[in-house]
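[1] Mind looking at a prediction? Sequence and model below.
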Amino acid sequence: MNRQVVEFTTDRQFVRRARELKTIAAMARMYCRGHKHGREHDAPLCAACGALLEYATRRLERCVFGDAKPTCANCVVHCYSADMREQVRVVMRWAGPRMLLRHPILGIRHQLDGRRPAPKLPGKPAGRSAKSPASEQAGGS
């Protein structure tokens, strides 16, 4: 019986976003534990912090910059709603200084990522034209 061995490789395209997701998850856990939020059934996060982390995960997965994304504080596109952005800001402001003690590598990498310049917004696909067919017919007479 031959066993086929598949070598594990990391998709380098998503390494940075995976690290950022790990960082925000660590910050949310620290914030939830530090503020003694009520958790149910040995869950790592309370309902509110879990919802915030789920929202941040969705936004991170759908980022228009892909793996070249800057930290959210330096981003030119604000994809979070105003109330969620404020909640994330509160969590990061509380957990940020504590990251160097609890998760020093994640904290330092996040600080270094914050110093990277923000990329320009990706352009629209070339297949679309600027004018719609209806406006061309009206303006072409």
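    On my side now, so go ahead. Because the structure is predicted, anything quoted here is derived from the model rather than measured.
[2] Y31 reaches V88, doesn't it?
    No. With contacts counted by Cβ atoms under 8 Å, Y31 stays clear of V88, the gap being 10.1 Å. Just so you know, the C-beta spots here come from the backbone N, C-alpha and C atoms, and that holds for glycine as well.
[3] ok, now how distant is the residue nearest the centre of the chain from A18?
    The residue lying closest to the centre of the chain (Cα atoms, centre = their mean) is L60, at 3.1 Å. L60 sits 9 Å away from A18 when distances are taken as Cβ to Cβ, to the nearest Å.
[4] any idea whether G123 is helix, strand or coil?
    With DSSP: H, G, I helix; E, B strand; the rest coil as the basis, G123 sits in coil.
[5] What about it, how many residues nearby?
    G123 has 6 neighbours, counted by other Cβ atoms under 10 Å.
[6] Test for you: state the pLDDT assigned to T10.
    With respect to pLDDT, T10 scores 49.
[7] for W94, that is, sorry about that
    For W94, the predicted pLDDT is 93.
[8] That one contacts A28, doesn't it?
    No. Applying Cβ under 8 Å as the test, W94 and A28 come out as separate, 10.5 Å apart.
[9] if you count what's nearby, which of these two comes out ahead?
    Taking other Cβ under 10 Å, W94 and A28 do not tie; A28 has more neighbours (25 against 14).
[10] Where does the more buried one sit: helix, strand or coil?
    Three-state call for A28 (three-state DSSP): helix.
[11] before we move on, the earlier item: my guess is the residue nearest to the centre of the chain contacts R19, does it?
    No. If you go by Cβ under 8 Å, L60 and R19 don't touch, sitting 10.7 Å apart.
[12] packing partners for the helix or strand hosting L112?
    Assessed by DSSP states H and E, L112 sits inside helix 104-115. Identification of packing neighbours for helix 104-115 by 3 or more Cβ pairs under 8 Å, 6 or more residues apart in numbering; DSSP states H and E yields helix 15-34, helix 82-102.
[13] can you give me the angle the longest one makes with helix 104-115?
    When you say that, I think you mean helix 82-102. On the basis of axes from the mean of the first three to the mean of the last three Cα atoms, to 10 degrees, helix 82-102 is oriented at 130 degrees to helix 104-115.
[14] I'm done for today, thanks for sticking with me.
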